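Novice: The following block contains a protein sequence and its predicted model.
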Amino acid sequence: MSKFKKKKKGMPGISTASLPDIVFMLLFFFMVTTVMRETEMKIKKPQLPKATEVQKLEKKSLVSYIYVGKSKDGSVKGDQIQLNDKVSSVDQVPAFIFQVRSKHSESDIPKLTTSIKADVDANVGTITDIKQKLRDVNALKINYSTLKGSAFDNLKN
């Protein structure tokens, strides 16, 4: 007879030490690959002009966008204006600015910026009309969205 009894060997337990690593890898994967939808384009996506002196906007939460371009289906001649998710007219720009201001605190209102994303072939008269409406409601911080490059690249196309 032996002093030591043989123990029955069972299945070892599943190691859960690597589970937090797997969970964090999945979390980072989805954080990196997920794109937040800002605006659904109702007009043709504007082909932005190019400029050499380009600066990035700091606080994008304080920026409201006005898109100027051609209609997607080509049914409307001339430029169309998109404010948020709907096609609008120049006369609706002040109401859009007041709506944006109502969503922000009183201290942030002077910091609000209106960014105009206009197509290269957009009519300057349309942009001037938008600027005049912005002046009427005292929205004086205007940004023109462009791509980095030479301004002469616009003339080649």
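Specialist: Structure received. Numbers count the residues shown, from 1 in each chain.
Novice: quick one: low-confidence ranges for this protein?
Specialist: Residue ranges of the chain with pLDDT under 70: 1-2, 37-38, 151-157.
Novice: try it again with 90
Specialist: Where the chain drops to pLDDT under 90, the residues are 1-19, 31-47, 49-61, 71-78, 84-86, 148-157.
Novice: What ranges does this structure have for its strands?
Specialist: Residue ranges of the strands in the chain, as given by DSSP state E, are 50-51, 63-69, 80-83, 86-88, 113-118, 142-144, 147-148.
Novice: Let me have these in JSON lines, extended by mean neighbour count and distance to Asp129.
Specialist: Every residue, glycine included, has its C-beta placed from N, CA and C. Compiled in JSON lines, those are given as follows (neighbours: other Cβ atoms under 10 Å; distance: least, Cβ to Cβ, whole Å):
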{"stretch": "strand 50-51", "mean neighbour count": "17", "distance to Asp129": "22"}
{"stretch": "strand 63-69", "mean neighbour count": "21", "distance to Asp129": "10"}
{"stretch": "strand 80-83", "mean neighbour count": "22", "distance to Asp129": "9"}
{"stretch": "strand 86-88", "mean neighbour count": "14", "distance to Asp129": "12"}
{"stretch": "strand 113-118", "mean neighbour count": "20", "distance to Asp129": "11"}
{"stretch": "strand 142-144", "mean neighbour count": "14", "distance to Asp129": "13"}
{"stretch": "strand 147-148", "mean neighbour count": "11", "distance to Asp129": "24"}
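Novice: Alright, that wraps it up for me.
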